[in-house]
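Chemist: Return a 3D structure for these sequence lines:
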Amino acid sequence: MLRRALIGLCLLAAPGLAPAAAQAAPARVVSMNLCTDQLAMLLAAPGQLVSVSALARDPMSSAMAAEAMAYPVNHGQAEEVWLMQPDLVVVGAYTAQAAAQMLERLGTPVLRLEPAHGLGDVPALLRTLGAAMGRQARAEALVAEFETRLAALREDVRRRPSVALYYANGYTTGNQTLAGDILLAAGFSNIAGDRGGGQLPLEALAMAEPEALITARPYPGASRSEEILRHPVIRRLQASHATHASTGSDWICGTPHVLGAIEALSGFREHIETEIE
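Modeler: Numbers count the residues shown, from 1 in each chain. As a prediction, the model looks like this:
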């Protein structure tokens, strides 16, 4: 019944009719994406953010899983979000698009945020969402803190150890990605170079002989895509270098939490250099 009612409202709504002008500070904001969840939690005034996505509470994916427990969750459905009567809905540019389009037809303002492709995108994301939420001052404070801490972490190093990122299905990413930019900021040299991303055969990985291997933390249960991470070649690289690390929730989204990943990697690099000496 509810779905039929919403579809009926969509059909009645004039397609060319723009939503009413948004308030400078929307009182009720809903986020429907893992990364916008975290940005919104960082920026929101007390009581302003009324819901985050269910993924926000997943500690494997979210760097703010504990904080997300304070918010009701949504599952990216237009019906449940519309009933929350939000003044602003925030989504990713490539997720929940059918729901976002339906909400727009119902007159709900929707903001789509692109994913971060590098560390330089973090300030822009904070400022864009901060402006939409009427939280410009909070956004500028977060940007200033982020840029100050990042500048301190980008220290000159005598030698950059070679490193490989290796994920499920043998996937890797190069420098032109958020993960690649994290590696560079921490003082590593990525064997994938300037490639964007793609599969790296085990043979190529073995021949590259990286000094460090960074893999994704496996999810509970069995996954055929993750079996490659238990391959003898991977185990030999880990054992021979005695240096490997795992990516975590700090790596996934373009938020100030990426600084935690850089800090951890900087300590990892220092450990490698000590072993070599």
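
Chemist: if I pick Glu145, what's in contact with it?
Modeler: Residues in contact with Glu145, defined by Cβ atoms under 8 Å, 6 or more residues apart in numbering, are Pro256. C-beta: built from backbone N, CA, C; applies to glycine.

Chemist: Is it correct that it falls within a helix?
Modeler: Yes. When classified by DSSP: H, G, I helix; E, B strand; the rest coil, Glu145 is found to be part of a helix.

Chemist: change the start of the numbering to 801 and stick with it
Modeler: In the new numbering, first residue 801, that becomes Glu945.

Chemist: State the distance from it to Ser1066.
Modeler: Glu945 sits at a distance of 18 Å from Ser1066 (criterion: Cβ to Cβ, to the nearest Å).

Chemist: burial count for Arg954?
Modeler: When counting by other Cβ atoms under 10 Å, one arrives at 15 neighbours for Arg954.

Chemist: ugh, typo on my part, it should be Gly920
Modeler: Gly920 has 11 neighbouring residues, counting by other Cβ under 10 Å.

Chemist: ok, now which ones touch Ala825?
Modeler: Residues near Ala825 by Cβ under 8 Å, 6+ apart: 845, 848, 933-935.

Chemist: 7 Å instead?
Modeler: Ala825 makes contacts with 933-934, as judged by Cβ atoms under 7 Å, 6 or more residues apart in numbering.

Chemist: for Asn990, same thing?
Modeler: Counted by Cβ under 7 Å, 6+ apart, Asn990 has contacts 963, 974-975, 980, 983.

Chemist: Need the mean per-residue confidence for stretch 1028-1038.
Modeler: Averaging pLDDT along stretch 1028-1038 gives 80.

Chemist: what does it rub up against?
Modeler: 968-970, 1002, 1005-1006, 1013, 1015, 1018, 1044.

Chemist: Recalculate using a threshold of 8 Å.
Modeler: For stretch 1028-1038, the external contacting residues (Cβ under 8 Å, 6+ apart) are 966-970, 1002, 1005-1006, 1009-1010, 1013, 1015-1016, 1018, 1044.

Chemist: so which pair among the residues you listed is furthest apart in space?
Modeler: Glu1009 and Pro1018 (23.8 Å; Cβ to Cβ).

Chemist: Looking at these two, which one has more neighbours?
Modeler: Neighbours per residue, other Cβ under 10 Å: of Glu1009 and Pro1018, the larger number sits with Pro1018, 16 against 12.
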